[in-house]
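> show me the folded form of this:
(one chain, ligands or ions: 2)
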Amino acid sequence: MATKVILDVDTGTDDAVALMLAALSPDLELIGATTVVGNCPGIVCTQNTLRVFDHIGVDVPVHQGMLEPMVRPDFNRPEKSVIHGLYLDLPPATSKATSNDAVAWLIETYEASAGDITLIPVGPLTNIGMAFRQQPSMLAKLPELVIMGGAHHIGNTTPSAEFNIWVDPEAAKVVMGCQRPIRMVPLDATHKALISLDDCKKLRQLGTPAATAAASFIEQRVEGYNKYQPMAEMDAAPVHDALAVCAVIDPTVIKTELIYVDVETKGELTDGRTVCDFGNRSHKEPNVHFATDVDLPKFKEMMFDILGRTA
Ligand code: RIB
Ligand code: CA
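Ligands and ions are numbered 1, 2, ... in the order given. Below is the predicted model of the structure:
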């Protein structure tokens, strides 16, 4: 029985790979995607998400969400992200967004559900925080959140913070406090799950629309990481959001520790940091299964298997 999922995305290059994995995996039923401002302006994230679904030939509802963070003004992103660019290098979408109110759609979908839809946010948590605030009763129908975001040992946007949490710390704080099961896939895990240019060659050899597009997106990421954020291995890059989707398909692809996690919203130097209480110093009830390690061969095998499929 396929697991019902919703992806909340700020489609950029790794979100695009995550969307294709979720749409093509026989173990998932992707019932919709919601877009949020993050890697790109919100309307660009929506267009990119539509382009991805058109490219692989699937009809998945796309609902545009928040165009600004919950509390803070939007941030001054560069004209084009070095890792994501702006519009994905795919033909302009022929499909259209189903609505421009992702928050309302999330609320009504969960309220009407049987409580069997896993929510996979892989961008800033603005839509999710807004929905939880507007309609707390939806939480009773939320079986699990599997979030790409956060970090303990590293930051990728400031020395203290990971991008998705940094963009909207207040929304992230609401989500950390939701008292529903949370698995977090942070940089501590995704930076151990690098996909190389050689892997991209193997993807291209698969010859499917998804594998070919994923290869292009990841090669673009490798170029950006080589230049601006070199990883332990050159000519390789993390595909953060893809790991979160794979963790829903097969939970054994990551290793997690149950800890208390909160979000800094007032720190001059630490705004947007996920404060991870591995030593239980706060004596607070642990709230997050925090991924600390990855089964890289399994992750790669899942990527090749699923992206080698067609709709
Ligand atoms: O920090 C990595 C995260 O920020 C990924 O979700 C990437 O797509 C960006 O949203
Ligand atoms: Ca993302």
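> tell me the SS of the closest residue to T212 other than its chain neighbours?
Nearest non-adjacent residue to T212, counting by C-beta to C-beta, 6 or more residues apart in numbering: R204, 6.0 Å away. To be clear about C-beta, it is placed using only N, CA and C from the backbone, and glycine gets the same treatment. Three-state call for R204 (DSSP: H, G, I helix; E, B strand; the rest coil): helix.
> where does the stretch 151-300 of the chain have low pLDDT?
Within the stretch 151-300 of the chain, no stretch has pLDDT under 70.
> where along it do the helices fall?
Remark: helices assigned in the stretch 151-300 of the chain by DSSP state H, counting those that start in this stretch are 163-167, 169-176, 187-190, 197-206, 209-228, 240-249, 296-307.
> send me the fourth one as CSV with only the CA atoms.
Think helix 197-206. Taking C-alpha atoms only, helix 197-206 is exported to CSV below (Å, rounded to 0.1, in the frame of the first residue of the first chain):
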residue,chain,number,x,y,z
LEU,A,197,29.6,13.7,-11.4
ASP,A,198,30.2,10.0,-12.0
ASP,A,199,26.8,9.3,-10.5
CYS,A,200,25.3,11.8,-12.9
LYS,A,201,26.9,10.0,-15.8
LYS,A,202,25.1,6.8,-14.5
LEU,A,203,21.9,8.7,-14.3
ARG,A,204,22.2,9.9,-17.9
GLN,A,205,22.8,6.3,-19.0
LEU,A,206,19.4,5.4,-17.6
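> check whether stretch 166-178 contacts ligand 1.
No. Using C-beta under 6 Å from any ligand atom, we find that stretch 166-178 stays clear of ligand 1, coming within 8.0 Å at best.
> please write out the alpha-carbon positions of that stretch in CSV.
Coordinates of the C-alpha atoms in stretch 166-178 are reproduced here as CSV (Å, rounded to 0.1, in the frame of the first residue of the first chain):
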residue,chain,number,x,y,z
TRP,A,166,17.0,30.6,8.6
VAL,A,167,14.5,32.0,6.1
ASP,A,168,11.6,31.7,8.6
PRO,A,169,12.7,30.9,12.1
GLU,A,170,9.3,31.8,13.6
ALA,A,171,7.5,29.3,11.4
ALA,A,172,10.1,26.6,12.2
LYS,A,173,9.6,27.2,15.9
VAL,A,174,5.9,26.7,15.6
VAL,A,175,6.5,23.4,13.7
MET,A,176,9.1,22.2,16.3
GLY,A,177,6.4,22.7,19.0
CYS,A,178,3.6,20.9,17.2
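> got the contact list for it?
Residues from elsewhere that reach stretch 166-178 (C-beta atoms under 8 Å, 6 or more residues apart in numbering): 37-38, 69-72, 75, 121, 123-126, 128-130, 132-133, 139, 142, 145, 147, 149-150, 155, 157-158, 161, 164-165, 182, 261-265, 271-272, 274, 287-288.
> stretch 140-149 too?
So stretch 140-149 is contacted by 18, 110-111, 113-122, 125, 128, 162-165, 172, 175, 178, 180-186, 190, 240-241, 243-244, 247-248, 274 (C-beta under 8 Å, 6+ apart).
> what residues does the stretch 101-250 of the chain put near ligand 1?
Counting by C-beta under 6 Å from any ligand atom, the residues of the stretch 101-250 of the chain near ligand 1 are V122, G123, M148, N156, E162, F163, N164, H240, D241.
> does the strand or helix carrying L19 reach ligand 1?
Applying DSSP states H and E as the criterion places L19 in helix 13-24. Yes. Using C-beta under 6 Å from any ligand atom, helix 13-24 comes into contact with ligand 1 via D14, D15.
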